[in-house]
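Asker: Predicted structure and sequence below. I'll ask about it afterward.
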Amino acid sequence: MSRVVRFHQTGGPEVLQIADEQVAAPGKGEVQIKVHAIGLNRAEVMFRNGQYLEAPQLPARLGYEAAGTIAGVGEDVTEFQIGDAVSTVPAFSQNQYGVCGELANVPAFAVVKHPPSLSWPEASAIWMQYMTAYGALVEFADTKVGEFVLIPAASSSVGVAAIQIANMLGAIPIALTRHSNKRQTLLDEGTKHVIATEEQDLVAEVNRITSNKGVRVVFDPVAGPTINKLAEATAQSGIIFQYGALSTEPTPLPLFPVLAKQLTIRGYTLFEISTHPERMARAKAFIVQGLTEGKLKPLVAKTFPLAQIVEAHRYMESNQQIGKIVLTV
């Protein structure tokens, strides 16, 4: 028997329940992981709320990222052995697999042997954040040395990852956060500039920083009406990656900036990388290299025991954290 997190209806954190269940042996092409740490993501909050890319099939499991040891190996799996230290890549549907529990079966293609220098909480805080940022900044934008990258919601785990990857590329990250109380921590994490959007004029500050040239790459998980300001701050022929929908307000099309500056607003998700074998291989190599060299360093904001998963989800929704919230098992 294993403790497993499920929810039987969509809603707030209180719908999450922990139950003892019998976990089946891993099937063909799968491995079973004894979970030591679980990284939380906005994707799971949205899935729990019924506001994600796919609707949950109730009663539903959830969870994309876990780190632990291989406890079982299914048929046709040759690259892993029992006892291997591994972490999971979000390359599957939460309706098929969910890693939030003591034991989790996952497809072997979504499992990686991470650098041994990482702690379990750090190892559970790798793939969603770094692969999401990698895909936009490296694979599709081909960000160059000296280019500016604008990063809204920069205190999130993906935001911090984008700061680190921009620095790894020799680009200049500009972090957006609502209030200046997170400014120093974001500077400590390597961003070159911080704009507190409820205290400063976003467009005026970007123009000041870039000498009125604007930024070529915007990496935005928020959407909503702020996209108008992001478009104004984007350089001629720039690109806005829209990879999330944290705002509950409608997202207008900033038509005149788009026309005047020939902007691209591009919908983007991690799955463009994690479900594409060649891109996935490039992403893994880039991220493992960065982790090994210390250029990428997962930032764990706070840990909770698995029994406090409701409290952990509430903390995520409070937006207090800088970096990753992790459950320990």
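Answerer: Cool, got the structure. It should be emphasised that the depicted structure is a prediction, and the values quoted were computed from it without experimental measurement. Numbering: from 1, shown residues only.
Asker: Tell me which stretches of the stretch 151-300 of the chain form helices.
Answerer: 157-168, 183-188, 202-209, 227-233, 255-261, 271-274, 277-293 (DSSP state H, counting those that start in this stretch).
Asker: Tell me which of those helices sits most buried.
Answerer: helix 157-168 (a mean of 26; mean count of other C-beta atoms under 10 Å). Where C-beta positions appear, they are placed from N, C-alpha and C, glycine not excepted.
Asker: And it, what does it pack against?
Answerer: Applying 3 or more C-beta pairs under 8 Å, 6 or more residues apart in numbering; DSSP states H and E, we find helix 157-168 packed against helix 127-134, strand 148-151, strand 172-177, helix 277-293.
Asker: wait, which of the ones you listed is closest to residue 195?
Answerer: For the helices and strands packed on helix 157-168, the distance to residue 195 is smallest for strand 172-177, at 5.3 Å, taking C-beta to C-beta.
Asker: Between helix 202-209 and that closest one, find me the angle.
Answerer: 160 degrees (axes from the mean of the first three to the mean of the last three C-alpha atoms, to 10 degrees).
Asker: any idea of the mean pLDDT in strand 172-177?
Answerer: Mean per-residue pLDDT for strand 172-177: 98.
Asker: cool, stretch 209-227 as well?
Answerer: Computed over stretch 209-227, the mean pLDDT rounds to 97.
Asker: Just the buried residues of that stretch, please?
Answerer: Within stretch 209-227, the residues that count as buried by 16 or more other C-beta atoms under 10 Å are 209-210, 214-223, 226-227.
Asker: Looking at these, which is nearest residue 158?
Answerer: Using C-beta to C-beta, those come closest to residue 158 at residue 221, 6.6 Å.
Asker: Thought residue 46 was touching the closest one, still the case?
Answerer: No - Residue 221 is not in contact with residue 46 according to C-beta atoms under 8 Å; the separation is 11.0 Å.
Asker: list residues touching both of those two?
Answerer: Counting by C-beta atoms under 8 Å, 6 or more residues apart in numbering, the contacts common to residue 221 and residue 46 are residue 245.
Asker: give the contact list for residue 108.
Answerer: Counting by C-beta under 8 Å, 6+ apart, residue 108 has contacts 29, 30, 31, 74, 77, 79, 80.
Asker: repeat that with 10 Å
Answerer: 26, 28-31, 70, 73-74, 76-80, 86 (C-beta atoms under 10 Å, 6 or more residues apart in numbering).
Asker: No further questions, thank you.
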